[in-house]
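Using only what follows, build the 3D model:
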Amino acid sequence: MAALLLGAVLLVAQPQLVPSRPTAAPRAEPGQQELLRKAGSPEEAIRAGAAPNGSAQQLPQTIIIGVRKGGTRALLEMLSLHPDVAAAENEVHFFDWEEHYRQGLGWYRSQMPFSYPHQLTVEKTPAYFTSPKVPERVHAMNPAIRLLLILRDPSERVLSDYTQVLYNHVQKRKPYPSIEEFLVRDGRLNVDYKALNRSLYHLHLRNWLRRFPLRRIHIVDGDRLIRDPFPEIQKVERFLKLSPQINASNFYFNKTKGFYCLRDGGRDRCLHESKGRAHPQVDPKLLSKLHEYFHEPNKKFFELVGRTFDWH
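Prediction:
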C-alpha cells in the first residue's frame, strides 16, 4: 500500500484556486480576548523571549494543521532542511487542548524554537484540522497566517489511523479489536467510527474556509510526497515564499527500508521506525465498501478546492 513507501519516511500544487469567500468572522468566543491579552499583543509576544545572539522565540508564521496520519511529520522534517525554517519539535496542541489554550499566547510562544528574524517558525499539530474551535482561534492570533494541510487517500488514512492505535496497544501488551470490528456494525460500514470521520476532508475544510480564504491554505498531496517528494516540497517553498534551497539531492531512496529518506549536510536520516508500518490485511469486499463510502465525500472535496487527487 502507499503507506509502506514514504508514508514510511517522510510520511505521509498549490491548488487551482476557486472563488471562496469565508463568512464574516464572528466576535471572539467568550474569554478569548482575555486569553490573547495574557501575552499582550501578538507583536509583544513575538518580541518576548529574546536571546543574546539575536534569536528569539516567535509565534509561528506557518502551521501544519493536519491531517492525522497524512504525513505531517514527514512534511515538517522536509521543511527543516531549509535554512530559513525553524520548526517546533513536538506537537504543541495549543489551539485544541483547553488546558494549553488557557495559558495564552505567551505560553504558546515559549513552546517555539529560538529563531532569527529572517527565519520562518513552523509548528505542526495534525489534530487542528478536525477540531471545530481551532480555525477561529488561529484566526484571532493571526488572520494572515499561512496554513499547510497534507492529505492522503482517505481509505489509506483510515488504515494508518487504526494501525497507529493498534501498535500503541501492542507496545503496552493490551488487547485491541480487529479493524473489521471497528469498520463493520450490524453488517454495515460503521459510519460512527472516528477514523472515518477524520477522512471526511470536505467537512473539516469548510470549517477552515469560514475563517481563511483558500489562498491561505496550501494542500500537499501526501501520496505524491511518498512517491516523489522533491516536486511537492518545491510547491511548499513557493507557497511560503521561501528561496529555493531544498534540492533533489536532499532525498534518496533507501532500498532497505523501501522509502525515501533525507540527506542533510552529508548526514542521512529517516523517519522513526514507527512510521510506515504495515497495514492490517483487510477483506477486499470491506475495502471496496470503504472506497465506495468515500466516493461522494471525495467528490465534494475536489469541488471545494478546484482540483482532483488520485484517490480510489
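
Send me the strand or helix carrying Gly106 as CSV with only the CA atoms.
Following DSSP states H and E, one finds Gly106 within helix 104-110. Provided in CSV are the C-alpha atoms of helix 104-110 (Å, rounded to 0.1, in the frame of the first residue of the first chain):
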residue,chain,number,x,y,z
GLY,A,104,-2.3,32.3,26.4
LEU,A,105,-0.1,33.3,23.6
GLY,A,106,2.9,33.8,25.9
TRP,A,107,2.9,30.1,26.7
TYR,A,108,2.4,29.2,23.1
ARG,A,109,5.4,31.3,22.1
SER,A,110,7.5,29.6,24.8
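
the strands in this protein, which residues?
Listed in chain order, the strands of the chain (DSSP state E) span 56-57, 62-66, 85-87, 114-115, 120-124, 146-151, 184-185, 188-189, 217-221, 251-254, 259-264, 267-269.

which strands and helices sit next to the second one?
What that stands for is strand 62-66. Helices and strands touching strand 62-66, by 3 or more C-beta pairs under 8 Å, 6 or more residues apart in numbering; DSSP states H and E, are helix 72-79, strand 120-124, helix 134-141, strand 146-151. (Glycine included, C-beta is placed from N, CA and C.)

pull the CA atoms of that strand into PDB?
C-alpha atoms of strand 62-66 as PDB (Å, rounded to 0.1, in the frame of the first residue of the first chain):
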ATOM      1  CA  THR A  62       3.000  28.900   9.500                       C
ATOM      2  CA  ILE A  63       1.200  25.900  11.000                       C
ATOM      3  CA  ILE A  64       0.800  22.400   9.600                       C
ATOM      4  CA  ILE A  65      -2.800  21.900  10.600                       C
ATOM      5  CA  GLY A  66      -3.200  18.200   9.500                       C
END
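
That one relative to helix 134-141, how many degrees between them?
Strand 62-66 runs at 170 degrees relative to helix 134-141, counting by axes from the mean of the first three to the mean of the last three C-alpha atoms, to 10 degrees.

Pull the residues that contact strand 62-66.
72, 75-76, 120-130, 134, 138, 145-150, 204, 208, 240 (C-beta atoms under 8 Å, 6 or more residues apart in numbering).

any idea of the mean pLDDT in it?
For strand 62-66, mean pLDDT rounds to 98.

Who does it pair with, and is each partner parallel or antiparallel?
Strand pairing for strand 62-66, determined by DSSP bridges: strand 120-124 (parallel), strand 146-151 (parallel).
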